[in-house]
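# Got a predicted model here, sequence first, then my questions.
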Amino acid sequence: MPQPAKPSRTSQATDAPEAPGTPSAGTASGRAAAQRLKMRRELAAAAMELFATKGYEATTVDEIAGAAGVARRTFFRHFRSKEEAIFPDHDDTLVRAEAVLNAAPAHEPPLDTICRGIKEVMKMYAAQPEISVARYRLTREVPTLREAEIASVARYERLFTRYLLGHYDEHAHHDTGFDDPLLAEVAASAVVTAHNHVLRRWLRANGQGDVEAQLDHAFAIVRATFGAGAGRGPQAAAAPTGEGGEVLVTVARTDTPLPEIMRTIERALRERPPAPRPPGAAAE
């Protein structure tokens with residue numbers, strides 16, 4: 001079967017950006033985490049080189065450990081199987097994504113927050129385009145790796161679903177609240193799916209193109225679809241008074257900036273339907 005291009009060991013060892021809230025590299029825990037990530041990447045680089053030359057099925061864990069210059073037991077301290085060695089950064093990227101959620105500004109719509117969180121995954125891939133393209137090709141060829149990839153995607157969806165459930169604005173829709181878990185799960189899945197669609201297109205193009213602009217466009221589509229149900233920003237609606245007029249009701253968090261509230265009111269006034277004419281009134 002065709003083999004992916006041989007990745008560079010040097011590019012594989014490139015450090016990912018440090019997550020907000022993670023231990024600093026200057027602390028003992030930070031140094032230990034950095035050393036752990038360094039070893040995981042070295043093992044992953046050795047695995048990718050062997051997969052490229054020997055093929056995935058023919059490569060053993062002992063060979064991967066030997067190529068990295070460590071014992072078999074060291075490999076299993078970092079990975080449970082050779083399948084996991086293909087994705088050495090997902091654990092750390094999940095931590096960075098969660099840190100984005102935890103540090104989100106109080107006034108930020110939660111759908112925007114999880115869009116920023118999933119960008120940590122894109123940063124991971126975009127930091128090493130050659131390695132990412134090689135992994136993508138290999139994953140397409142090996143069913144067990146596709147299953148591992150699906151499992152990784154599910155972890156991000158669960159993280160974002162939990163976040164949306166904790167930050168829904170109950171005034172954003174007019175049901176009894178029983179649909180909140182469904183809305184949260186569907187919205188989180190939509191964000192992850194939009195990200196993965198753009199990522200796959202970028203990988204098929206060999207890592208070429210403005211992937212950030214493509215991602216922002218995809219997220220705009222998701223926001224247009226789910227923004228009203230998954231937001232905690234101000235909401236405004238016009239209700240009839242019974243005397244021919246209307247009352248505009250606005251619901252907002254106390255920490256929402258005043259300019260955002262005013263924009264919501266202005267938008268509601270522009271978009272409201274024309275008031276009905278009194279009986280017998282002449283049409284203009």
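It's in. If you're wondering where the values come from, they're calculated on a predicted model, not measured in any experiment. Numbering: from 1, shown residues only.

# quick one: buried residues of stretch 206-223?
Going by neighbour count (16 or more other Cβ atoms under 10 Å), the buried part of stretch 206-223 is 207, 211, 214-215, 218-219, 222-223. (Glycine included, C-beta is placed from N, CA and C.)

# any idea whether residue 108 is helix, strand or coil?
Counting by DSSP: H, G, I helix; E, B strand; the rest coil, the backbone at residue 108 sits in coil.

# Please apply the same query to residue 81.
Per three-state DSSP, the secondary structure class of residue 81 is coil.

# Do you know the pLDDT at the residue nearest to it when sequence neighbours are not counted?
Nearest residue to residue 81, sequence neighbours excluded (Cβ to Cβ, 6 or more residues apart in numbering): residue 61, at 7.7 Å. The per-residue pLDDT reported for residue 61 equals 95.

# Help me confirm that residue 61 comes into contact with residue 73.
No. Residue 61 sits out of contact with residue 73 when judged by Cβ atoms under 8 Å, with a separation of 10.4 Å.

# Which one of those two is surrounded by more residues?
Per other Cβ atoms under 10 Å, whichever of residue 61 and residue 73 has more neighbours is residue 61, with 16 against 8.

# Kindly list the main-chain dihedrals of the more buried one?
Residue 61 adopts backbone torsions of phi -60, psi -40, taken as degrees, to the nearest 10.

# what does residue 79 give?
phi -140, psi 150.

# helix/strand/coil for the closest residue to it other than its chain neighbours?
Excluding its sequence neighbours, the residue lying closest to residue 79 (Cβ to Cβ, 6+ apart) is residue 85, at 4.9 Å. Here residue 85 is recorded as helix under three-state DSSP.

# and if you look at residue 57?
With three-state DSSP as the basis, residue 57 sits in coil.

# Quick check: closest non-adjacent residue to it.
Per Cβ to Cβ, 6+ apart, closest to residue 57 is residue 142, 7.9 Å.

# Count the neighbours of that neighbour for me.
There are 18 residues near residue 142, going by other Cβ under 10 Å.

# Correct me if wrong: it contacts residue 55.
No. Contact between residue 142 and residue 55 fails when scored by Cβ under 8 Å: they sit 9.5 Å apart.

# So residue 209, which state does it fall into?
Using three-state DSSP, the structure places residue 209 in coil.
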